[in-house]
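Enquirer: Predicted model follows, preceded by the sequence.
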Amino acid sequence: MSAAEQAQPARQPGVRVVLAVREARALLLAQATSDLGDQVARVAIALLVLERTDQLVLAALALAIAYVPGIFGMAVLGSLADRLPRRALMLWCDLARALLVAILALVAVPALPVWVPLLNLLVSDTVTPPIATARASLYADVLPDRERLVVAQGMSRSIQLSAQVVGFVIGGMAVALVGSRLALWFDALTFLISYLLVRTAVTPRPAADVPGTSARLMATDLRTAVRELLGDPVRRWPVILGWLSAVFLVAPEAVALGWTDDQSPLVGGLLLAAVPAGSAVGLLLLPRLSLQRQTELVLPLAGLSCLPLFATSINPPAAVAWALWFISGVLQAFVLTIIALVTVLTRRERRGRVLGLAASGFNAATAVAFVLVGWIAGLIGPAKAVSLAGAAGMLAVALIWRAWPAARLAGALSASDAEEALREQTTALREQVAAQLAAEERVVLPTSPDDQPTIVLDRPEVAGSHPLPQDEPVSAASDR
């Protein structure tokens, strides 16, 4: 049986296969706790600001601040996930976030100026981007098998969306029951739990790229990421589609709270959760397909996800709008495929900066889309604004379709498949050699494509180098 055949059962996508890996399980649990704490803290601070000022616009600003660090921090600080050990970076950021939130919980008194919690939230959220890029890059280190990596990324994205929905609800309840200060203490505790999970379960690894960083080096890394991401059509067009999709991804959320004039806060909250809830479901279903098949479905899913939004032009009741938006959310799972493509097709030592740039562009597009759709809704009404966003999305997909590098994507993924199979073959060969070692034997493994593994025997009667028998030639694979 070949090495590829032996590895086949482990390559079957599934949540249980990913959760069976201790490091992946710890990363997912750490993300779940810290993401939930983030959402609770944002609600607590927004309500704290609203309580102190009685101005809704300042409370909305507290929620909007969360997007600002993602726009700049992901692009500029993303290279830290390449230049520093990723596990250590996550640990230091968790401690920093826990300390910042704990300080805010200590000083959250009535006499506190309103700009203090807003500034604290801004600084705390600035520490978040390095964790996000380090975690996204670390998944590929922990799960080198592509199918399991795609499943893990889907679970990570689903956790992010679920925390967004559940965190807002729990945050409101927590503030109502125990107050903002205890809610902030809960957030600080979640960061410490995340720290312990990563520290105890994730294996230390050296920096993926040349260690060390500086302002000049981060600027150089940013230029490298722009050149690598936008200069490569195989990755450029999927990322551009992801950025443009922000317009129709967030349109329902931008108008949910004001869908009708007389709706209750509960209805507004349910409408706000419709798209994230649908996306969470889609992100669990899509990884059941191979990445090659997912790639073929990216454009069809993107186009279809716009249709339920376009249908809201009839100004349906809230229940019908919720169902339409939920369906659109399920179809919007194609964003996961874009993330997986960029991860798989980017070299390991540059994943942090490239993924950071891609996420930065998406955050910027999301923030602009929120403002733009909200402004249009004030002019023509929420239903027509969402419908217009759906129409714009279909037009964008149609234009991208003409430039979509389908053949190049298929070729790049096939090449990645060959590299992955070669790595598995090399790993199996190393294990076979290790099992055959005797006390006096040592092995010299290949260092170039033309070399063969040899066994060097130190015993006098058989001293010398002897080629290791093998069924087929083995070449060195580049570690992507």
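Expert: Received the coordinates, thanks.

Enquirer: Can you spell out which helices and strands pack onto the helix or strand that residue 242 is a member of?
Expert: Secondary structure from DSSP states H and E places residue 242 in helix 233-244. Packed against helix 233-244 by the contact rule (3 or more Cβ pairs under 8 Å, 6 or more residues apart in numbering; DSSP states H and E) you find helix 215-230, helix 291-310, helix 334-344, helix 351-380, helix 382-403, helix 406-436. (Glycine included, C-beta is placed from N, CA and C.)

Enquirer: Could you say which of those helices is packed most deeply?
Expert: Comparing the helices and strands packed on helix 233-244 by mean neighbour count (mean count of other Cβ atoms under 10 Å), helix 334-344 comes out on top with a mean of 24.

Enquirer: Between helix 233-244 and that one, find me the angle.
Expert: Counting by axes from the mean of the first three to the mean of the last three Cα atoms, to 10 degrees, helix 334-344 lies at 140 degrees to helix 233-244.

Enquirer: The helices and strands packed on helix 233-244: which one's closest to residue 120?
Expert: When the helices and strands packed on helix 233-244 are compared by Cβ to Cβ, helix 351-380 sits nearest residue 120, at 20.1 Å.

Enquirer: and the closest residue to residue 157 other than its chain neighbours, what element?
Expert: Spatial nearest neighbour of residue 157, excluding adjacent residues (Cβ to Cβ, 6 or more residues apart in numbering): residue 283 at 5.1 Å. Using DSSP H and E, residue 283 sits in helix 265-285.

Enquirer: Show me what counts as buried in that helix.
Expert: Within helix 265-285, the residues that count as buried by 16 or more other Cβ atoms under 10 Å are 267-268, 270-284.

Enquirer: could I have that helix exported to PDB, CA atoms only?
Expert: Provided in PDB are the C-alpha atoms of helix 265-285 (Å, rounded to 0.1, in the frame of the first residue of the first chain):
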ATOM      1  CA  PRO A 265     -35.600  45.200  19.900                       C
ATOM      2  CA  LEU A 266     -36.000  41.400  19.800                       C
ATOM      3  CA  VAL A 267     -37.100  41.400  16.200                       C
ATOM      4  CA  GLY A 268     -34.200  43.700  15.300                       C
ATOM      5  CA  GLY A 269     -31.800  41.400  17.100                       C
ATOM      6  CA  LEU A 270     -33.100  38.400  15.200                       C
ATOM      7  CA  LEU A 271     -32.800  40.200  11.900                       C
ATOM      8  CA  LEU A 272     -29.300  41.200  12.800                       C
ATOM      9  CA  ALA A 273     -28.400  37.600  13.400                       C
ATOM     10  CA  ALA A 274     -29.900  36.200  10.200                       C
ATOM     11  CA  VAL A 275     -26.900  36.400   7.900                       C
ATOM     12  CA  PRO A 276     -24.300  35.400  10.500                       C
ATOM     13  CA  ALA A 277     -26.500  32.400  11.500                       C
ATOM     14  CA  GLY A 278     -26.800  31.300   7.900                       C
ATOM     15  CA  SER A 279     -23.100  31.700   7.300                       C
ATOM     16  CA  ALA A 280     -22.300  29.600  10.400                       C
ATOM     17  CA  VAL A 281     -24.400  26.800   8.900                       C
ATOM     18  CA  GLY A 282     -22.900  27.100   5.400                       C
ATOM     19  CA  LEU A 283     -19.400  27.000   6.900                       C
ATOM     20  CA  LEU A 284     -20.100  23.600   8.400                       C
ATOM     21  CA  LEU A 285     -21.500  22.200   5.100                       C
END
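
Enquirer: so what secondary structure elements neighbour it?
Expert: Helix 265-285 packs on helix 146-178, helix 251-255, helix 318-331, helix 334-344, going by 3+ Cβ pairs under 8 Å, 6+ apart.

Enquirer: of all those helices, which lies closest to residue 187?
Expert: Nearest to residue 187, of all these, is helix 146-178, at 9.2 Å by Cβ to Cβ.

Enquirer: The helix or strand just after the closest one: how far from the chain's middle?
Expert: Where DSSP H and E defines the elements, the next helix or strand beyond helix 146-178 is helix 180-201. Computed by Cα atoms, centre = their mean, to the nearest Å, the separation of helix 180-201 from the middle of its chain amounts to 20 Å.

Enquirer: try stretch 94-114
Expert: Remark: stretch 94-114 is offset 27 Å from the chain centroid, using Cα atoms, centre = their mean.

Enquirer: Where in this structure is the helix or strand with the lowest mean pLDDT?
Expert: helix 3-7 (a mean of 41; mean pLDDT, DSSP states H and E).

Enquirer: And the contacts of the following helix or strand past that helix?
Expert: The helix or strand immediately downstream of helix 3-7 is helix 15-19, counting by DSSP H and E. Residues outside helix 15-19 that contact it (Cβ atoms under 8 Å, 6 or more residues apart in numbering) are 10, 24, 25, 28, 143, 148, 151, 152, 155, 284.

Enquirer: again, only using 7 Å
Expert: Contact with helix 15-19 is made by 10, 24, 25, 143, 148, 151, 152, 155, as judged by Cβ atoms under 7 Å, 6 or more residues apart in numbering.

Enquirer: Closest one of these to residue 404?
Expert: residue 151 (25.0 Å).

Enquirer: low-confidence ranges in the stretch 151-300 of the chain?
Expert: The stretch 151-300 of the chain contains residues with pLDDT under 70 at 168-169, 171-179, 210-215, 257, 263-266, 268-269.
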